[in-house]
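> mind folding the following:
(4 chains)
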There are 2 protein chains.
Amino acid sequence: MAPRPRPSLDTVFAALADPTRRAILTMLLEDDMAVTDVAEPFEMSLAAISKHLTILAGAGLITQEKRGRVKWCKLEPDAMKGASVWMQGFGQFEPVNLDAFERFLGTELGLGSEE
Amino acid sequence: MAPRPRPSLDTVFAALADPTRRAILTMLLEDDMAVTDVAEPFEMSLAAISKHLTILAGAGLITQEKRGRVKWCKLEPDAMKGASVWMQGFGQFEPVNLDAFERFLGTELGLGSEE
DNA sequence: TGCATATTCAACCAAACGGTTGACGATTGC
DNA sequence: GCAATCGTCAACCGTTTGGTTGAATATGCA
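Numbering: from 1, shown residues only, chains lettered A, B, ... in the order given. Below you'll find the predicted structure:
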């Protein structure tokens, strides 16, 4: 496949604006996954998840590779770089508080209340 | 002062997904601005800008204070903190490359070509 | 008082979004 | 070969988004 088009801030931020898509990205932190497996925990159709994955791929946040009849989804965290740098220009945020991140993961996965 | 409700990742990312709104935030880096002045450089109605500002305020990215008949808009960069931390959990991005940020500002403000 | 300025409101519009369902093309395995 | 599995496509649906216009509401000023 041709070198991925540089993901725009528009598409990256828009992709990240949906909680389902953020949850998918979080799942992919663990490991690459097949589309069906990505869809499993969600209460929506496979087709809907497939669309979300297309949007994530469009933003460059994941890549998809078909092996046999299974399509594998792989996280591409570098796609967040531009957006991350952009935001950091607005203030020096604490040098990556991983504790806070763990908590975010909890709420993102729906383990906690939204407050 | 009542602590503002914690802006959600949904609203923050959605607010940042629009180029007009990102440009507004960039303008507000310089200084607080009145609504009319914010609208001036854009080729769209004042009402449209007013809506964008409402969305930015809803995400906590700006606050608005009315003094006399003028409503002042103030950047609130801390509202990006949660989103920034969330993204950093996906990879350690270079510790704030300000050069890159300057370049982003250029393209965001439409001073350079998109490519 | 009366007019200009600053901003929002209300109604409307086309397009995009997020979801559904059912049919379909590929691939795998018995 | 045939049935099951994987994933997307196409059509459809209601809601949201990003914009418009024109009227309305405050406020400032001469």
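
> same for the strand or helix carrying A:Lys74, what does it pack against?
Assigned by DSSP states H and E, A:Lys74 belongs to strand A:70-75. Contacts defined by 3 or more C-beta pairs under 8 Å, 6 or more residues apart in numbering or on different chains; DSSP states H and E place strand A:70-75 against helix A:19-30, strand A:33-34, helix A:35-39, strand A:62-67. Where C-beta positions appear, they are placed from N, C-alpha and C, glycine not excepted.

> out of these, nearest to DNA strand C?
Nearest to DNA strand C among those is helix A:19-30 (5.1 Å), distances taken as C-beta to the nearest atom of the strand.

> give me the most central residue, chain A.
A:Leu25 (2.9 Å; C-alpha atoms, centre = their mean).

> check contacts around A:Ala57.
A:63-64 (C-beta atoms under 8 Å, 6 or more residues apart in numbering or on different chains).

> for it, give me the pLDDT.
A:Ala57 carries a pLDDT value of 97.

> three-state assignment of it?
helix (DSSP: H, G, I helix; E, B strand; the rest coil).

> would you format the helices and strands packed on strand A:70-75 as JSON lines with mean pLDDT and distance to A:Thr54 included?
Conversion of these to JSON lines gives the following (pLDDT from 0 to 100; distance: least, C-beta to C-beta, whole Å):
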{"stretch": "helix A:19-30", "mean pLDDT": "96", "distance to A:Thr54": "11"}
{"stretch": "strand A:33-34", "mean pLDDT": "97", "distance to A:Thr54": "15"}
{"stretch": "helix A:35-39", "mean pLDDT": "97", "distance to A:Thr54": "10"}
{"stretch": "strand A:62-67", "mean pLDDT": "96", "distance to A:Thr54": "9"}
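
> for my notes, please list these in TSV and give distance to chain B for each entry.
Output for the helices and strands packed on strand A:70-75, formatted as TSV (distance: least, C-beta to the nearest C-beta, whole Å):
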stretch	distance to chain B
helix A:19-30	6
strand A:33-34	16
helix A:35-39	17
strand A:62-67	11
